[in-house]
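Student: build me a model from this:
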Amino acid sequence: MSQDEDRIALLRRLYEAFNRRDIDAVIPMLTPDVDWPNMMERTRAVGHDEVRAYWEYQFTQVSPNVEPVAFEIDEDRVLVAVHQVIRALDGSIRSNTHIAHAYAFEGPLIASMHVYANMDDAWAGED
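Tutor: The predicted structure follows:
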């Protein structure tokens, strides 16, 4: 497998584990100083502990499901078109959208993730 194929395979596993709420399966896919968006507070979570705390809190407030639709390679980043459904804990849909995620890597691990409104914005790198 090529490096790009390895990264896409890792991201597929990440989305599957996240949707199962299996934080312990996701954390080893991230660098120790990973930079991750905290979408609830509009801040960034840095490092395993902060990312874990953010997800644990998020899962007590809403039930997100993120399904990758397409993967594109942008030099050292992998861009992912995502179908995102956010449900309230009672199961009602709060949001049903298509967005984009952009991942940067250090070796085989994810170093950062950014969320964009669409793939064009992700390609441009505009938050």
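
Student: and the longest helix for this structure?
Tutor: Taking DSSP state H as the criterion, the chain has its longest helix at helix 3-20.

Student: can you list the buried residues in that one?
Tutor: Within helix 3-20, the residues scored as buried using 16 or more other C-beta atoms under 10 Å are 7-8, 10-11, 14-15, 17-18. Glycine gets a C-beta too; all of them are placed from N, C-alpha and C.

Student: try stretch 35-47
Tutor: For stretch 35-47, by 16+ other C-beta under 10 Å, it's 35-38, 44-45.

Student: quick one, strands of the protein?
Tutor: Remark: strands assigned in the chain by DSSP state E are 30-38, 43-46, 62-74, 77-88, 93-106, 109-116.

Student: possible to save these as CSV with mean pLDDT?
Tutor: Formatted as CSV, the strands of the chain follow (pLDDT from 0 to 100):
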stretch, mean pLDDT
strand 30-38, 98
strand 43-46, 98
strand 62-74, 97
strand 77-88, 98
strand 93-106, 98
strand 109-116, 98
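
Student: now render these as a markdown table, adding distance to A53.
Tutor: Shown next, in a markdown table, are the strands of the chain (distance: least, C-beta to C-beta, whole Å):
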| stretch | distance to A53 |
| --- | --- |
| strand 30-38 | 9 |
| strand 43-46 | 7 |
| strand 62-74 | 16 |
| strand 77-88 | 19 |
| strand 93-106 | 20 |
| strand 109-116 | 16 |
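
Student: between those, which gets nearest to S2?
Tutor: Evaluated over the strands of the chain, closeness to S2 peaks at strand 62-74, with 9.8 Å, by C-beta to C-beta.
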